[in-house]
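[1] My questions concern the predicted model and sequence given below.
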Amino acid sequence: MYESLGICDQVLDFGFQIEKKLKERFDQIDATAEYNQMKVLKAMQDCRVSDIHFAATTGYGYNDLGRDVLEEVYAKAFHGESALVRPQLMSGTHALHVALSANLRPGDELLSPVGKPYDTLEEVIGIRDSAGSLKEYGVSYRQVDLLPDGSFDFEGIRNAINEKTKLVTIQRSKGYATRPTLSVAKIGELVSFIKSVKPEVICMVDNCYGEFVERIEPLDVGADMIVGSLIKNPGGGLAPIGGYIVGRKDLIDMASYRLSAPGLGKEVGASLGLNQPLFQGFFLAPTVVAGALKGAIFAANIYESLGFPVVPNGTESRHDIIQAVTFGTPEGVIAFCQGIQAAAPVDSFVSPEPWDMPGYDAPVIMAAGAFVQGSSIELSADGPIKPPYAVYFQGGLTWYHAKLGILMSLQKLLEAGIVTL
Ligand SMILES: *Cc1c(COP(=O)(O)O)cnc(C)c1O
């Protein structure tokens, strides 16, 4: 079958040799998935999920039982008091925007103690001037960068916390930065430190790409609120849209008043028939995340053994599903992305090319052959065409698809004469 898909014997053998060495790591990933599967199942059973909850509501969505029980399931599984899980949260950025703007008031200060947040948040916060930003509403922002070795600058953080500091935003995943991704245990250390300086500060974690990678989540180590996207890990590939905010009840209530309207809160918001895929996607998420993690580790080991710098490296522990590979040339980035695209179930016949995307300072190439537009729990890759010529890739709804994608990327690099096996 691999031959019929365009993978030559040499590439297949190379992949086979790498995969053989990963058995123990894959067993650990499966054990985590098993634990998290039980966690989700227990939450669903405790909430007495039933087929009535898959019914569609329309209009105001009053008494949408499925929506309310789905939120209860998220709250139970992630150990929060309350949850907002809605198709009306349009993306991760929107969910973060709602969580922040709901819980900050003019005169308050927002602190990021882990360096610059994800690109799209720059405009939400007003780090880059933008109409409607928190800055326009009188919310100031302060940032403490990580130390050069990737550790927290505790002294700097202590000095940055002041009487105005209301909320601290902690991004779990490195996103497209070069810093390491934070483990949940590390997030716990940071939260404890911040609370020791100012106990009433709200600790929010941008949990994107981190859900179900470990057995614990940030609410287990003292965070007050976690936020993420349903077209990443927790949607399990089945959620066609949505975001979540889970945590302390007063913070979630505030978020609900911001999302709908003061006085309305969680009581409105029709689920329009999406409850069933949202439940089912959450049910599948632990095993989907496991497949994506195996793909990331497989790629790290393949490209590391060919001499390319990879982050994380082939052996280190994982705290999100993103893998970076530095090719050092535009041709390498392009061939890799074309391989990922050629392995997709959707749009496999198109060949991606770099283009000048709005908001980026260099041409960017993106590969995505997804069932859900922009879904990055599905196998996807992108890279800016500028030094160091690194590609970021993530996802794969099944390990076998992730594996094919990586073998296909290697095939394209081999055919382009960029690697020799
Ligand atoms: C993806 C991501 C976001 C934004 O989510 P979108 O759904 O793309 O808007 C925010 N933070 C991090 C760390 C992310 O990975």
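    Good, I have the coordinates. Residues are numbered from 1 along each chain as shown.

[2] model confidence over stretch 284-293, on average?
    For stretch 284-293, mean pLDDT rounds to 98.

[3] Any chance you could list what contacts it?
    The contact list for stretch 284-293 (Cβ atoms under 8 Å, 6 or more residues apart in numbering) reads 29-30, 32-34, 36-37, 39-40, 211-213, 233-238, 318, 321, 377, 394-402. For the C-beta atoms, the positions are set from N, CA and C on the backbone; glycine is no exception.

[4] Stretch 396-406 now?
    Outside of stretch 396-406, the residues within contact range by Cβ under 8 Å, 6+ apart are 2, 5, 7, 15, 19, 237, 288, 290-292, 294-296, 298-299, 302, 339-340, 343-345, 377-379, 393, 395.

[5] Return the nearest residue of this protein with respect to the ligand.
    Nearest to the ligand, among the residues of the chain, is Gly92, at 2.4 Å (Cβ to the nearest ligand atom).

[6] what residues are up against that residue?
    206, 208, 227-229, 232, 243.

[7] Excluding residues flanking it in the chain, which one is nearest it?
    Nearest residue to Gly92, sequence neighbours excluded (Cβ to Cβ, 6 or more residues apart in numbering): Ser229, at 3.3 Å.

[8] Contacts only, for that neighbour.
    Counting by Cβ under 8 Å, 6+ apart, Ser229 has contacts 91-92, 95, 208, 235, 242-243.

[9] tell me which parts of this structure are close to the ligand?
    91-93, 118, 120, 171, 173, 175, 206, 208-209, 229 (Cβ under 6 Å from any ligand atom).

[10] let's see 8 Å
    Within the chain, the residues that sit near the ligand (Cβ under 8 Å from any ligand atom) are 91-96, 117-118, 120-121, 171-175, 206, 208-209, 229, 231-232, 243, 320, 322, 374, 376.

[11] How far does stretch 406-421 sit from its chain's centre?
    Between the centre of stretch 406-421 and the centre of its chain there are 28 Å (Cα atoms, centre = their mean, to the nearest Å).

[12] Also stretch 63-70?
    Using Cα atoms, centre = their mean, the distance from the centre of stretch 63-70 to the centre of the chain it belongs to is 25 Å.

[13] contacts for that stretch?
    47-49, 52-55, 57, 61, 85-86, 266, 269-271, 275-276, 278-279, 282.

[14] close enough to count as contact, Ala335 and Gln411?
    No: if you go by Cβ atoms under 8 Å, Ala335 and Gln411 don't touch, sitting 9.1 Å apart.

[15] domains of the protein?
    9-37+283-415, 56-272 (automatic domain parsing).

[16] Ends of the last one, what's the gap?
    If I follow you right, that is domain 56-272. End-to-end span of domain 56-272 (Cα to Cα, to the nearest Å): 5 Å.

[17] among the contacts of Ser229, who's most crowded?
    Counting neighbours by other Cβ atoms under 10 Å, Gly243 comes out on top of the contacts of Ser229 with 31 neighbours.
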